[in-house]
Structures are given as C-alpha cells and as structure tokens.
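Undergrad: I'll drop the sequence and a predicted model, then ask my questions.
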Amino acid sequence: MNIQDSGPQPIHGGSQHGSPQPIDDPAEDDTVARLLKAAGHRPPAPSEDAAIIKAAAHAEWQQTVRMERQRRRFFRGAGGLLAAAAAAILMFNTNIGDRLLRTVTPPVAQVIAVNGQPSTDTQLAFSPGQELWASDVVTTADGDRTRPSRLVVQMASGATLRLDSGTRLLMQSKSELKLESGTVYVDSRGAKIELQTDWGMVTNVGTRYEVRVAPDNSWLRVRVREGAVQIADSQAKLQTVSAGEELTATADGSVVNKLSPCGPEWQWAVETRLENPFDVEEPLLLDALEWAAAEGGWQLEFASQALARANAATTVFGKIGNSSLEDLLHNWTRSSNLNYSIEACVLRIE
Amino acid sequence: MGMDIRSNALPELQHDDRSLAKRILAGDERAFDEFFEGQLPGLYRFALARLRDPELTRDIVQTSICKAITHLKTYRGEASLTAWLFTICRYEISGHYRKNRRAPSPVELAEDQPEVRAALETAPVAFKGPEESLRRKELAKLVHATLDHLPPKYGRALEWKYVDGLSVKEIAQRLDVGPKAAESLLTRARQAFRDGYSSFGSNTEALSHSTA
C-alpha cells in the first residue's frame, strides 16, 4: 500500500465525529497490515554500537550473576550461624546482649581469606569463614612488605575489601564502614560502599579503588583503578576521583595525580588473594581471564572475535593457590592452546 | 467502550518477563541474549528519538541496560520489562540533561504524554480513537514507536507477518512454538498494536486541538 494514495487509516471503526469507538472487525486486521507495510521495517541500531553495548551489558551481567551467587552462598552460611549463636547463648552467660543481637540480625560481612601473619592481638585474630556484625572492628597487624598481615572481607552486599597491614576498620552496616587507619582496596562489584574517614566520606561510583589513611591521620590518599569515587568533606563539598587518578589530601589541600591501572602500586592488593574467586571448580576460560584482567588492571583483548567465540565453552582448572597471575595465565592459556601477552595494560589472547 | 485485554494478556506477559528475569539472574546465556536482542533495538530508537545524537544515545542506552541488569533482582513484574527498561532510560536521559545543566531540545513525542505513557506501561490495554491526518513520515514513526512499546516478540511477529510476508508456519518456526500458539500470539499482538496505535493517535489529536 502506498500511504500517500490513501492516507493514514483509522484503526477503529465508528463515527469520525466525536469519540471513535473500537470495534471487533476483521477488516481492522487489513488496516493493521496496511499500516505496518507502509511504515516498513524499524531501523536497526547501528551494528557497531550494538556490539559495544552488548559487550558492556554482557560484562555487567556476568558480574551481577557472580555477585548474586556469592550473596546467596553467603546468606546460606549465615542461616547456620543463627542456630550456633542461639546455642552459644545457652552455654555462656557473658555478653548476652551482644550475642542475642547477633542471633536476630544478619552478619554484615565475612572474613574470606587471611594472608600473611595474623594480627598480633589474639583478641582480634581473624580466620576465614568468620562472620562480622555491625560495630565489629577488623584489624591487621603492623606488617611490612616482607611480612605482611592482610585480610580479605566480603560484605553481605557482595563487595570485597582487602585490608593491608596496619589497618583498623569499623563495620557499621553492609554498605557503611569507617576506616580509622590503614589501607583498604575495594572491589565493589556493583554494590555501593560508603567508607567514612576523618577526611570525609568516600563513596564509590565505580568498582575498584584504594583508600589509605595515614597512621597519624595526617593525610588521606585515594587511588582509583576502575570507575570513580566521590569524596564528601565535612561541608559536603564533593570531589570526584576517576579511574587512573590518585588524590592526596593534607591539611594544605589536595592534589590529583595520574596513576596506571596496572602499575606496581596495586601489587599488595593483587597479592592479597581471595581463596577461591570462582563459584565452580572449573570456571569458563573467559571468566578466568576476565578475573585475571580485573586483578592485574589489564584490558582483556582477543586477537579476533572468532577466537573468543571458539573458546566460549572452554573451561579451566580454577584453583589458584599461591600462583602468580602470570603463572595462572600461562597455565590457562597453554591448556587451551592459546598464547597471551601483556603490554601497556592490555592482556592480549591469541 | 474500549476493549481491555489486559486481564487476559498481561498476566501471561508479566509471567514471561518475570521468568526471563529469573533466568538471566541464574546465569542463563540464552536468556541474556533473548533479553538483549529483544530490547536493544526498541530502546535505541526510543533514546535516539529524544537525544538526536548517536554517540550520546549509545552511552545512554548502554548505561540504561547495565543499570537494568544490575537491578534486575528488584524487578517484580508490575510492568513489562520493556516499560521498566524505558523508564530507566527516561531517567538516564533526564539525568544527562540535569548534569549538563541544560534543558532537552523540545522533542514532541506522543508517547511521552503522561496518559499515553501510563497506558503503554501497562500495554497491551485498550485505548480510544486514532489520528486521521498524520503525514507519512510521522505515521511511520508512530507505527514504529507503537511496535517498540509492545513486548518484543509481538513487534517482531507483526513485522514478520506484515512487512516480510512470512506465513504463520514460518513465524511459528522462528518463535519455536506450534502454529496454533503463533496464531494466538499474532492475534494478541494485533490487538495490542491496535490499542497502542490508537492511543498515540488520539493523544496527538487531543494535543493539536488543545493548542489550536
């Protein structure tokens, strides 16, 4: 039908004066057909844009699925704890209020890995699997590069926090914490984390960053690896630090410098490992490579789309132990008859 | 009186959308593809019509889809996934203009009128009278916008039938359902299209009358 010949057709029958009323008329189907034919195909989204959007959406989806699985696993564990806590109340009569509180409120986080020497204060020693509640203080011992004391904590929201040596962190809720001193590397995994410091509130807009407060509280440093964070000072004045930037605030003001996402600055966080970052024993190669790329601060790139597609169903051995990222990449790519190279923060698979 | 098919068609669609959302969250790759391939084209056109800038459209659509995925577990199925996604996109567009401290270019779109939006968000649902004097280009836009607000498989099935001229059997094969189910889907799709299109038309007419 040429729409110019007959003009647009009303779909409903009834009077053309006043409110037209819809009627059930088989002829209306012809009108639907004519309208659709006249309008033709809807223009598609440009294929290049569609591919870019799909890649981003796919990455976001995978992260959401991972986070959701971890959240479920976390809360499945928390269920068992309620029974244990109730039994504990019967056995001990000290700190009843605190124990009772823990039976009726879910934990806000869980220690998932301890790296290096434990905290020197035995009262504050932590072990993997230990649940943390609001008002708990997590500390690490004053270690150094050769003898570090580090912890990995997973929040109930799915975010993970890596604490470097000499850190004191107060848990306030599943999304709010107070960094009293030391260094925390945050992998927010899409969750919002509000990290309070005496210098202001650091809130993530993106996903990976590090916050360090000097032992004497004389300065604050925020390094952003991916995404962005916002820092609100006591006057609620906002400052945004974006990926590849490092902000240092002192009593004299703040400075922002450039920072590589794959530089040695991140080494301590890379060394501070989750015991098992994958949900399954044999994760997909693509998931493993994405994890490694995120850890190393690299951009993952395949030599061709065909190569990525050909390996879409390939799985690898997921236990990471103490292997370095490079060793893991070597093993994973070799077992899949692939090679990898790292240059200018790009992890290339060919 | 308008025919309201919401009572029999929408619960089924909501169930489909809820089930799709659950499968996506469970890590089902096919569900992700179904969601993305079904929603992207309409969402892209929706944003482009309002932003008129392809690069910005790409960014806004990408952010909207990513946000939708991140918050998918909060989707309860009160509206269709399409309507939910369009709402997120609409917020992103407003946020963009707010952040850049400038008002959006005046883009008159019938589907942005509150009555039409409300109706489309519960589509398919019955509406009143058509616009009779749309120009050809406007009509095509209106037809496309109507299709974009329908559940993706309704829009695709109608295009296959009336633009590509596929038979019911061929459509059934593409949808991976039996011919009877395809025929039934086409009937519901036609009804939803009629209702949605008429809503656009009557609203445009009302607007032109009120500004005359």
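TA: Yep, it's here.
Undergrad: model confidence over stretch A:343-350, on average?
TA: For stretch A:343-350, the mean pLDDT works out to 91.
Undergrad: Could you do stretch A:191-200 as well?
TA: On average, stretch A:191-200 scores 86.
Undergrad: That stretch: end-to-end distance?
TA: This stretch, stretch A:191-200, spans 20 Å end to end (CA to CA, to the nearest Å).
Undergrad: Now find how far off-centre that stretch is within its chain.
TA: In this view, stretch A:191-200 has its centroid 16 Å away from the chain centroid, taken as CA atoms, centre = their mean, to the nearest Å.
Undergrad: For the stretch 51-200 of chain A, which residues are neighbours of chain B?
TA: A:52-54, A:56-58, A:60-61, A:64-65, A:68-69, A:190 (CB under 8 Å from any CB of the partner chain). The way it works is simple: take the backbone N, C-alpha and C, and place the C-beta from them, glycine included.
Undergrad: Of the residues you listed, which belong to helices?
TA: Using DSSP state H, A:Ile52, A:Ile53, A:Lys54, A:Ala56, A:Ala57, A:His58, A:Glu60, A:Trp61, A:Thr64, A:Val65, A:Glu68, A:Arg69 are the members of those that sit in helices.
Undergrad: Buried among those? Make that a ChimeraX selection.
TA: Here is the ChimeraX command that selects only those of these that count as buried (16 or more other CB atoms under 10 Å in any protein chain shown):
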select /A:53,54,56,57,58,60,61,64,65,68,69
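Undergrad: ok, the closest residue to chain B within the stretch 151-300 of chain A - contacts?
TA: Proximity of the stretch 151-300 of chain A to chain B (CB to the nearest CB) peaks at A:Gly190, 5.1 Å away. Contacts for A:Gly190 (CB atoms under 8 Å, 6 or more residues apart in numbering or on different chains) come out as A:Glu60, A:Gln63, A:Thr64, A:Met67, A:Gly158, A:Thr207, B:Thr70.
Undergrad: can you do 7 Å?
TA: A:Gln63, A:Thr64, A:Met67, A:Gly158, B:Thr70 (CB atoms under 7 Å, 6 or more residues apart in numbering or on different chains).
Undergrad: A:Ser173 now?
TA: A:Ser173 sits in contact with A:Val108, A:Ala134, where contact means CB under 7 Å, 6+ apart.
Undergrad: Which stretches in chain B count as strands?
TA: With DSSP state E as the criterion, chain B has no strands.
Undergrad: count of residues packed around A:Ser135?
TA: Under the neighbour criterion other CB atoms under 10 Å in any protein chain shown, A:Ser135 is assigned a count of 12.
Undergrad: Phi and psi next, for it.
TA: phi 90, psi -10 (degrees, to the nearest 10).
Undergrad: Quick check: the gap between it and A:Lys178.
TA: According to CB to CB, to the nearest Å, A:Ser135 stands 10 Å off from A:Lys178.
Undergrad: Which two among the residues of the stretch 51-200 of chain A next to chain B are spaced furthest apart?
TA: A:Ile52 and A:Arg69 (26.7 Å; CB to CB).
Undergrad: Which of the three states applies to A:Asn337?
TA: Put simply, A:Asn337 is coil when judged by DSSP: H, G, I helix; E, B strand; the rest coil.
Undergrad: Now do it, the pLDDT please.
TA: Per-residue confidence (pLDDT) for A:Asn337: 88.
Undergrad: distance of it from A:Glu281?
TA: 21 Å.
Undergrad: Least confident secondary structure element in the chain?
TA: If you meant another chain, say so; for now it's chain A. Among the helices and strands of chain A, helix A:3-6 carries the lowest confidence by mean pLDDT, DSSP states H and E, at a mean of 35.
Undergrad: Not quite, go with chain B.
TA: Result, chain B / mean pLDDT, DSSP H and E: helix B:114-121, a mean of 52.
Undergrad: partner residues bridging A:Leu238?
TA: In this entry, A:Leu238 is beta-bridged to A:Ala232, by DSSP bridges.
Undergrad: which ones are touching the closest residue to A:Phe278 other than its chain neighbours?
TA: Distances taken as CB to CB, 6 or more residues apart in numbering or on different chains place A:Gly318 nearest to A:Phe278, at 4.2 Å, with adjacent residues excluded. Neighbouring residues of A:Gly318 by CB under 7 Å, 6+ apart: A:Phe278, A:Val280, A:Glu281, A:Glu282, A:Pro283, A:Ala288.
Undergrad: rerun that using 10 Å as the cut-off
TA: Contacts for A:Gly318 were tallied using CB atoms under 10 Å, 6 or more residues apart in numbering or on different chains; they are A:276-284, A:287-288, A:291, A:328, A:332.
Undergrad: for those, which one is nearest B:Arg90?
TA: A:Asp287 (33.4 Å).
Undergrad: Now do the SS call for the residue nearest to A:Phe278.
TA: Taking three-state DSSP, the label given to A:Gly318 is coil.
Undergrad: mind checking pLDDT for B:Thr63?
TA: B:Thr63 is assigned a pLDDT of 90 by the prediction.
Undergrad: Quick check: next helix or strand after the least confident helix or strand of chain A?
TA: Later in the chain than helix A:3-6, the nearest helix or strand by DSSP states H and E is helix A:26-39.
Undergrad: Can I get that next one in PDB, CA atoms only?
TA: What follows is helix A:26-39 as a C-alpha-only set of coordinates in PDB (Å, rounded to 0.1, in the frame of the first residue of the first chain):
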ATOM      1  CA  PRO A  26     -11.800  -8.500  10.700                       C
ATOM      2  CA  ALA A  27     -11.300  -5.500   8.400                       C
ATOM      3  CA  GLU A  28      -9.200  -3.900  11.100                       C
ATOM      4  CA  ASP A  29      -6.600  -6.600  10.600                       C
ATOM      5  CA  ASP A  30      -6.300  -5.400   7.000                       C
ATOM      6  CA  THR A  31      -5.700  -1.900   8.300                       C
ATOM      7  CA  VAL A  32      -3.000  -3.200  10.700                       C
ATOM      8  CA  ALA A  33      -1.400  -4.900   7.800                       C
ATOM      9  CA  ARG A  34      -1.500  -1.800   5.600                       C
ATOM     10  CA  LEU A  35      -0.100   0.400   8.300                       C
ATOM     11  CA  LEU A  36       2.800  -1.900   9.000                       C
ATOM     12  CA  LYS A  37       3.500  -2.400   5.400                       C
ATOM     13  CA  ALA A  38       3.500   1.300   4.800                       C
ATOM     14  CA  ALA A  39       5.800   2.000   7.700                       C
END
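Undergrad: So which elements touch that helix?
TA: Here helix A:26-39 touches helix A:3-6, helix B:136-149, helix B:152-158, helix B:179-211, going by 3 or more CB pairs under 10 Å, 6 or more residues apart in numbering or on different chains; DSSP states H and E.
Undergrad: quick one, what contacts A:Arg334?
TA: A:Arg334 touches A:Tyr340, counting by CB under 10 Å, 6+ apart.
Undergrad: hang on, I meant A:Ser188
TA: A:67, A:155, A:157-161, A:175, A:203-209, A:226-227, A:229.
Undergrad: Filter those down to just the buried residues.
TA: Neighbour counting by 16+ other CB under 10 Å classes A:67, A:155, A:157-161, A:175, A:203-204, A:206-209, A:226, A:229 among these as buried.
Undergrad: In strands, which of these appear?
TA: Among those, the members found in strands (DSSP E) are A:Met155, A:Thr160, A:Leu161, A:Thr203, A:Asn204, A:Arg208, A:Tyr209, A:Glu226, A:Val229.
Undergrad: now A:Thr248, what's its secondary structure?
TA: Going by three-state DSSP, the secondary structure assigned to A:Thr248 is strand.
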